[in-house]
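Q: Sequence and predicted structure are below.
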Amino acid sequence: MTGWSQALGAHPGAAAGAAETVSGNRGLQIEEKLLFEQDSPGHCGVDLPEPAGLAPRLGGTERKGPIGLPGLSEPQIVRHFTRLSQKNYAIDSGIYPLGSCTMKHNPRLNEKLARLPGFADLHPLQPPATVAGALELVDTLAHWLKTLTGMPAMALSPAAGAHGELCGMMTIRAALTARGDPRRRILVPESAHGTNPATAATCGYAIDNIPNNARGRVDLAALKAELGGDVAALMLTNPNTCGLFEDEILDIAAAVHSAGAFFYCDGANFNAIVGRVRPGDLGIDALHLNLHKTFSTPHGGGGPGSGPVALAAELAPFAPLPWLVHDHGGLRLVEHRDGEAAQSIGRLKGFHGQIGMFVRALAYMMSHGADGLKQAAEDAVLNANYLRVRLEGALSLSYPGPCMHEVLFDDRFLKDTGATTLDFAKALIDEGFHPMTMYFPLIVHGALLIEPTESESKASLDQFADTVLALAARARGGDATSFHAAPRLAPRRRLDETTAARKPVLRWRPEPAQREAAE
Amino acid sequence: MRYLPLTARDRGDMLAAIGVPSIDALFADVPAAARRDGLVDLPRAMGELEVERRIAAMAAKNTAAGSVPFFLGGGAYRHHVPAAVDHLIQRGEFLTSYTPYQPEVAQGTLQALFEFQTQVALLTGMEVANASLYDGATACAEAVAMARRVTRRDRAILSGGLHPHYREVCQTYGGFAGTGPVLMPPVPGGGEDLARLIDRDTACVVVQNPDFFGGLHDYSALADSCHAAGALLVVIVAEVVSLGLVKPPGEMGADIVAAEGQSFGNALNFGGPHLGLFATRDRYVRQMPGRLAGQTADADGRRGWVLTLSTREQHIRREKATSNICTNSGLCALAFTIHLALLGEAGLTRLARLNHEAAIKTADRLAAVPGVTVLTGSFFNEFTVQLPRAAGPVVDKLAARGVLAGIPLSRLYPGEAGLADLLLVAATETVTDDDIDRLAAGLTEGLR
Amino acid sequence: MSLLRFTKDHEWIRQEGDTAVIGITDYAQEQLGDVVYVELPELGRQVERGGEAAVVESAKAASEVYAPVAGEVVAVNDAIAADPATVNTDPMGNGWFIKLRLAEPAQLDGLMDEAAYRKFIAELK
C-alpha cells in the first residue's frame, strides 16, 4: 500500500506513536504558528520609499489607533506559507477523486498565459480601443462554448457555478415576467446539488422536490404529476449527481416545455459529455458551465471559479450585462440596459466577468482541440467505469450498469462492520489519498461518489483501486477500531467540529496579557 | 494529447476489463437523437508553443496598464504586488487543492483562511469576517440581503456615492426579492442627506468610503441614525489600501462591511477574478453568507482548523441557506493574505501614505491645468476633476497618445448629462513623477 | 395531570393546563448528533399548527422544529441556547424548547401517545 508513511520514511505504526519532539516536528509536518504569533513589531517584508511628508487631505477621517497587523520579513513569510502548503493535499500530489467536483490536472501553460500583462494588467474600464485583444479572447471563448453546447448565446459574467445558476434562473424569471406569465414554483430532483434549491429561493421561488426512480434518474411520472401552470422551471443536473445520464431527458424536456416551463440544466457534470453531446440538442434552455471543473481552471482551495451560462434564443434577450456584440466588423461592449440590451436582467457582478479564468479555459480548450476535448470526456468516462468494475465486487454499487464520469457507491458494504462511510474515507487519507465525496447525493445511504477524471493513468487507478479493496477487506475483517482512529498519519487527526460550531473562534485575538501590555 | 495519460493500449485493456466492445457502449444512455458522430467544428489539438503564440497575439493587442502612465481606479486599482505572492500562490498544494472539506488534509488552506479572516476583521475594525465572496459588487448585494434577514425589513437605501456597478448588482438581486432598493442620485461633490430617508421599513443604508468619486466621509452620525431607527449601516470599501490611513468602518459604527480586496495581492485582470470581503458583528454571524474557517482541536488535542457554522450554507440548508454561494475566491484571498502579511502594520501604513501623496501631487498638478477643476476636497488616492468639455473624447485622445488618464464618468452614467465633463482620476504608489508630468502635459494639450 | 404527546417529526408536547411545553425526542437528538446551536422564536409570536417554531443544528445538519399545535409563544428555554448540549443530555426535561399558550387544545388529540410513538420509531429502525 501507498501512504504518508513513505513520505515519513518510517513504519506507519511507529510514526503514529512517535514521541512528541521539542519543535513539534513530525516528518515534514512542522507545527506552524499563526502569522499573528510571529510578530516583530515594526518589521516589514516590503521595502517602500520614504513618504515625502505632504500634509494629508483626509478631511479628519484619519485612523487613530493601530490596525494590529504583525510585522515579518520576506523569508519568514515565504517559509510560513510554504509550510502551510505542505499541510494540503492537491491534485499535483495524487488522485483527488471527489465526485461532482472534477479535480483534473491544471496545466501550467494556462497559468503562464493568464499572467501575460496584456490580460492580467488590464483595467476593466480602459478605453475599448486599448483592450481589443481582450475582447477578442472573450469572443473566442464564447464561440468555443457555444459550439460545444450547441446553444446560441453565452452569458459570461457569472463568477462561479452557483452564480451561473442565479443568472440562469433570473433570466428565466425575467422571460416569464415579460411573457405576462409569472409562475411560482421550481422543481428540483432530490439528488440535486444544494445550490439548486438555494438559487431558486434567492430568485423568490418556492421549491418542490421530485423523487428519483429506482434507476437513479428523475421519476418521469412524478415529474409530470408536478408540472402545471405554476411551474417556472425544472432544474436538473445531467449527467446527474449519481453519475448517470438522464436517458429520458428528451421526454423530460418535452414535458417541461409542454407545461410552458423552462428547462434549466446544472452543467457541473458537462465534462462527461463534451464533444459527444450538445446540451442544445437535449432541449435545454439554460445551462451553466463550471470552467473550474470542465475546463480545468484551478480550484485554488475554493475558487475563484467562473460560471458562464449558455442560453436558448428565447432567453438570450434577458442575459445579464455586459454584452459583447459584433458590429461593423468589430466587437462592441454593451454596458448599459438600453438599445439591444433593454430587456437585460442587469448586472450580476462588477465589471465584465472572470477574464483571468477565461484565458486559462481557452488555453485548455485550444490545447485539447475538438479531438482532445472529446477524448478527455471519453477517458473520464472510461476511468470511472474501470473503477466501477474494479470496485463493485467489494463495495456496494448504488445503481447497476455503466456510469458516466463518476461512480456512486453506498454504505451497504459496511453494514455490521462498525465502520461508517466517514471512517472509510478517513482511512483513505492514511493511505495517502484524498477521500471521495461522502454523503452526497442524499438519495442513497452513506454515499461514496468517486470521480477519477481523465487525468489519472491506469497505474494510478489500479493503485487507488487496490487500496480501496484492501480497506474494504480490512473493514469486513472486523478492524473497526483502526477505522475509527483514522487518520493517524495526516497533518491532523479528526478535528472536533462540534466544539468549533458551539463556541466559534473565527479569528485570532491577542491573549489578554498581550492585549493589556499593548494598551 | 499531452494532458491525457491513458495510452491506446490502456484504453483497450480497460474496455476489455469493463466488458464492453467500445467507448460508445458507455454512452448508450444518450438518446439516439442527441448522439453526434465525428468532431465538433473547432480546431484540432495544439502544442504549447502554438497555443501560446495565438493567445499571446491577443494579449499583444491590448495596452497593459504598466506600459503607460496609468490613472484608472473606480473599484480596480493597480498596485505593486511583491514577487513572493505569485510564487507562493502557484505552489501546487494551494493552486490545485479543493475547498477544504477534508480538514485533516487541508490545514494549510484552512489556517491561511483563518489568517485572512483575522486580517479582514482587523482592517475593517469589525469583529468577524468570512472566507471571501466573489467580488465587492456581489458582496454589497449579499450585505443588503443579510440586512433584510437581520432586520426582517424590506428596503435598502443606496447612496449616490456607491459604485454604480455595485448599485446595479444590488438592483438586479433586489429585483427578485422584495421591493428593490432606493437609489439616490450620484453626487460627485458630496452633501447627501441619507438619514432623513430612514423609516420603519428601512433594512439598511449602504454607503461607500471613499465614495465612488473619491471623497472621504465619517459615517458615525449616520450609523447613529440607522441604529436609532432599527436599521443597519452597511459600509462599502472599494479600495482597501485606504484602510491603512483612514478610520475603519467598524469605528464608525458599521454593522456590515463589504469590500473589494483586489488591491492586495491581485492583478487588475480586466475586472476579474477579484475578491469580495465581508465582515460584520459577532451577533450577526449566523446570518452571514459564505464560508467560515474556525479554530478547534484534533483528537490529540492539537490546534487545528475546520470550516464551521456550515448549517448556514447551501450544501446543508438548501433552500433556507443564507446564500447560494459555493465556490468563492479562495486563491485570491490567499494572495491578499500573503501581500498583507508582507506589508504588515508598518508597510501598510507607509503604502497608504504613498498612495495618498501620489494623489495629492496629481491633484495639484491637474488643478494647475487651465480649465481643470478638482472637485474632491478630501480624498485618499482618487478624486474627481471637472473638464471644460466632455471627458470621454479627451480620455480617448490621450489613450491614443499613450496616456490612460482616468475614467470618464459618462462611461458609467451615460444618462447623466451633468456628469459628462467629469473625470475620475486615481494615483497609486505605482505612479511616478514622470507619469504625472505626462498626464498634465497630455491634458493641457488635449484641452487646447 | 399532564398529557404527553408525540409527532412524526419527533417532537414531544406536554400539556399543562392551557399551555404546553415542546421539545424534541431522545430519538431526534440521537439522529441529529451533538447539538451545536438552537434558534428560538421571540416571545409573543403566534405559531400555526405545523409551522416552523425553532431550528436545531448539529455541526453537519439543521432541522426545523415544527409546532405540533397552534398557539402563542409564552416562554423559550434560553438555557439551551446558551448550552445546546442540554438538548442531547436531557431532551425530555431541561432540554425543552418553547412553551405555547394553546389556541385549540383539541389539536392535541390527533397526536401519538407514548406507546404509539415507541411503535412508530421501532418501525423506522
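A: That came through, no problem.
Q: Show me where chain B has its strands.
A: B:128-129, B:155-158, B:182-183, B:202-208, B:232-237, B:256-260, B:276-280, B:293-297, B:303-307, B:373-374, B:382-386, B:407-408, B:422-426 (DSSP state E).
Q: Show me the one of those that comes nearest chain C.
A: Closest to chain C of the strands of chain B is strand B:303-307 (C-beta to the nearest C-beta; 8.6 Å). All C-beta atoms are positioned from the backbone trio N, CA, C, and that covers glycine.
Q: What is the burial count for A:L34?
A: 16 (other C-beta atoms under 10 Å in any protein chain shown).
Q: Other residues contacting the helix or strand harbouring A:D423?
A: Secondary structure assignment for A:D423, by DSSP states H and E: helix A:421-430. Contacts of helix A:421-430 with the rest of the structure, by C-beta atoms under 8 Å, 6 or more residues apart in numbering or on different chains, involve A:3-4, A:12, A:411, A:414, A:419, A:434-436, A:438-439, A:446-448, A:467-468, A:471-472, A:474-475, A:480, A:482-484, A:486-490, A:494, B:102, B:104-105.
Q: Show me what counts as buried in stretch A:473-491.
A: Buried positions in stretch A:473-491, judged by neighbour count with 16 or more other C-beta atoms under 10 Å in any protein chain shown: A:474-475, A:479-480, A:483-491.
Q: Kindly indicate whether A:D266 is helix, strand or coil.
A: strand (DSSP: H, G, I helix; E, B strand; the rest coil).
Q: Quick check: closest non-adjacent residue to it.
A: A:T237 (4.0 Å; C-beta to C-beta, 6 or more residues apart in numbering or on different chains).
Q: List the contacts of that neighbour.
A: Contacts for A:T237 were tallied using C-beta under 8 Å, 6+ apart; they are A:P189, A:S191, A:A192, A:H193, A:N196, A:C265, A:D266, A:A268, A:N269.
Q: try 10 Å this time
A: A:T237 makes contacts with A:100, A:188-189, A:191-193, A:196, A:218, A:246, A:264-270, A:441, as judged by C-beta atoms under 10 Å, 6 or more residues apart in numbering or on different chains.
Q: How about B:R2?
A: A:H105, A:P107, A:L109, A:S367, A:H368, A:G372, B:A45, B:G47, B:E48.
Q: of all the residues you listed, which two lie farthest apart?
A: Based on C-beta to C-beta, the longest span within the contacts of B:R2 runs between A:H105 and B:G47 and measures 16.5 Å.
Q: Tell me which of these two has more neighbours.
A: Counted by other C-beta under 10 Å, A:H105 and B:G47 do not tie: A:H105 has more neighbours, with 20 against 11.
Q: Restricting to the contacts of helix A:421-430, which residues neighbour chain C?
A: A:Y439 (C-beta under 10 Å from any C-beta of the partner chain).
Q: Now A:E314: closest residue in space that isn't a chain neighbour?
A: Using C-beta to C-beta, 6+ apart, the nearest residue to A:E314 is A:A175, at 6.4 Å.
Q: Is the one you found in contact with A:S344, as I believe?
A: No: using C-beta atoms under 10 Å as the test, A:A175 is too far from A:S344 to be in contact (11.7 Å).
Q: got any residues that touch both of those two?
A: With C-beta under 10 Å, 6+ apart, A:A175 and A:S344 have common neighbours A:A316, A:P317, A:F318.
Q: Enumerate every residue touching the second one.
A: This points to A:P317. A:A153, A:T171, A:A174, A:A175, A:A178, A:L311, A:E340, A:A341, A:A342, A:Q343, A:S344, A:I345.
Q: do the same with the last one
A: A:F318 sits next to A:153, A:155, A:167, A:170-178, A:311, A:341, A:343-346 when contact means C-beta under 10 Å, 6+ apart.
Q: hey, where'd the helices end up in chain B?
A: In chain B, the segments counted as helices under DSSP state H are B:8-18, B:48-60, B:83-89, B:92-95, B:107-124, B:136-151, B:164-174, B:220-228, B:249-252, B:314-317, B:330-367, B:391-400, B:433-446.
Q: Any chance of JSON lines for those helices, columns mean pLDDT?
A: Formatted as JSON lines, the helices of chain B follow (pLDDT from 0 to 100):
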{"stretch": "helix B:8-18", "mean pLDDT": "98"}
{"stretch": "helix B:48-60", "mean pLDDT": "98"}
{"stretch": "helix B:83-89", "mean pLDDT": "98"}
{"stretch": "helix B:92-95", "mean pLDDT": "98"}
{"stretch": "helix B:107-124", "mean pLDDT": "98"}
{"stretch": "helix B:136-151", "mean pLDDT": "96"}
{"stretch": "helix B:164-174", "mean pLDDT": "95"}
{"stretch": "helix B:220-228", "mean pLDDT": "98"}
{"stretch": "helix B:249-252", "mean pLDDT": "98"}
{"stretch": "helix B:314-317", "mean pLDDT": "82"}
{"stretch": "helix B:330-367", "mean pLDDT": "98"}
{"stretch": "helix B:391-400", "mean pLDDT": "97"}
{"stretch": "helix B:433-446", "mean pLDDT": "97"}
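Q: To A:L54, which of those helices lies closest?
A: Nearest of the helices of chain B (C-beta to C-beta): helix B:330-367, 5.0 Å.
Q: Pairing partners for B:A129 in the sheet, please.
A: With DSSP bridges as the criterion, B:A129 is bridged to B:A279.
Q: give me the number of residues near it?
A: 26.
Q: So it is in contact with B:L275, correct?
A: No: judged on C-beta under 10 Å, B:A129 makes no contact with B:L275 at a distance of 12.0 Å.
Q: Now for those two: what residues contact both?
A: Listed as contacting both B:A129 and B:L275 by C-beta under 10 Å, 6+ apart are B:F116, B:V120, B:A259.
Q: Please verify my assumption that the first one contacts B:F336.
A: Same thing as B:F116. Yes: taking C-beta under 10 Å as the definition, B:F116 is a contact partner of B:F336 at 6.5 Å.
Q: could you say what helices and strands the helix ranked longest in chain C packs with?
A: As assigned by DSSP H, the longest helix anywhere in chain C is helix C:114-124. With contacts defined as 3 or more C-beta pairs under 10 Å, 6 or more residues apart in numbering or on different chains; DSSP states H and E, helix C:114-124 has these neighbours: strand C:3-6, helix C:26-32.
Q: can you tell me how far A:H288 sits from chain C?
A: 26 Å (C-beta to the nearest C-beta, to the nearest Å).
Q: Are we agreed that that residue is in a strand?
A: Yes: A:H288: assigned to a strand according to three-state DSSP.
Q: Which strand or helix spans the residue lying closest to it once chain neighbours are set aside?
A: Nearest residue to A:H288 in three dimensions, chain neighbours excluded: A:G164, at 2.9 Å (C-beta to C-beta, 6+ apart). Using DSSP H and E, A:G164 sits in helix A:161-178.
Q: Quick one: list the elements packing against that helix.
A: Partner elements for helix A:161-178 (3+ C-beta pairs under 10 Å, 6+ apart): strand A:153-155, strand A:185-189, helix A:195-202, strand A:231-237, strand A:262-267, strand A:286-289, strand A:309-311, helix B:164-174.
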